[in-house]
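# curious how this folds, go ahead:
(one chain, ligands or ions: 1)
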Amino acid sequence: MSNKIITTKDGSHSILSEQFGVSYHSIHGALQETYHVFINAGFHFQVEKKNDISILEIGWGSGLNSLVTFLEQEKTTSNVQYTTVEAYPISIDIVKQLNYDASLDAPISLLELHQLEWNKFIPLSPTFQFKKLKKKFQEIEDKNQYDLIYFDAFAPNAQAEFWEAPFLEKMYAALQSDGTLVTYCAKGSFKRALKAVGFIIEALPGPPGKREMTRALKP
Ligand SMILES: C[S@@+](CC[C@H](N)C(=O)[O-])C[C@H]1O[C@@H](n2cnc3c(N)ncnc32)[C@H](O)[C@@H]1O
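Down below sits the predicted model:
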């Protein structure tokens, strides 16, 4: 299967997945979505509550969320452990075509991130530990481990099972008390499933092009 690079409305690239038939990011702006949903509503929100945080990302994909988190973390005094899960890594050929490095000026390139070894923590700096786990979301069994989940699976129309209660129960279990899950999705059935498994949900304004996004708190 081959993926294709597309340009989103803010000029940043995304990838069109041949396998799942959807794009990896919002077509209204990949970089804008990362900052709005995951960094501002997620990372900065959680770091204000707690300085040392452990992040779980559902779907590493292009690596954009992790690269921007590293860049933003450097502006704080926080300590971060970042674990990301991905079963179907993109090809290095696609990585080399993505235009994120040019707009971000990050201390590590996207290509370097993609060339890191899988399944072990690697320090990107003294205060940022990074681990890519090559496995399926279905295999996640962590309990009370994370402060923040970047919930970035493909949309419910492509991957319904991850937006329903049985999988969301696993996410609830993986979070520590006072932990937060953020996602770009604001579908009614998803929000009801989050509530059913015990989350307190907040509907926040979405990034450009989307009315709403969701932040869910584990009490
Ligand atoms: C929306 S994209 C993630 C975008 C990413 N966070 C970024 O910053 O570019 C969803 C990702 O989930 C991965 N994925 C889909 N189904 C999966 C599964 N069952 N287990 C693990 N990874 C999966 C896809 O390969 C894809 O990379």
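
# ok, and the closest non-adjacent residue to the residue nearest the centre of the chain?
Among the residues of the chain, the one closest to the centroid is residue 150, at 3.7 Å (Cα atoms, centre = their mean). Distances taken as Cβ to Cβ, 6 or more residues apart in numbering place residue 57 nearest to residue 150, at 4.3 Å, with adjacent residues excluded. The C-beta positions use only the backbone N, C-alpha and C, and glycine is treated the same way.

# that neighbour contacts residue 81, doesn't it?
No. Applying Cβ atoms under 8 Å, one finds residue 57 not in contact with residue 81, separated by 11.6 Å.

# okay, these two: which has more neighbours?
Legend: neighbour count by other Cβ atoms under 10 Å for residue 57 and residue 81, higher for residue 57 (24 against 18).

# in stretch 96-104, what's buried?
Across stretch 96-104, burial judged by 16 or more other Cβ atoms under 10 Å covers 98, 100, 104.

# return the distance of it from the chain's centre.
Relative to its chain's centre, stretch 96-104 lies at 18 Å (Cα atoms, centre = their mean, to the nearest Å).

# can you list contacts of it?
Residues from elsewhere that reach stretch 96-104, judged by Cβ atoms under 8 Å, 6 or more residues apart in numbering: 5, 11-13, 15, 31, 62, 64, 67-68, 71, 109-111.

# so where's the protein uncertain?
Scanning the chain with the threshold set as pLDDT under 70 gives 1.

# buried ones in the longest strand along it?
Taking DSSP state E as the criterion, the chain has its longest strand at strand 175-183. Within strand 175-183, the residues scored as buried using 16+ other Cβ under 10 Å are 175, 179, 180, 181, 182, 183.
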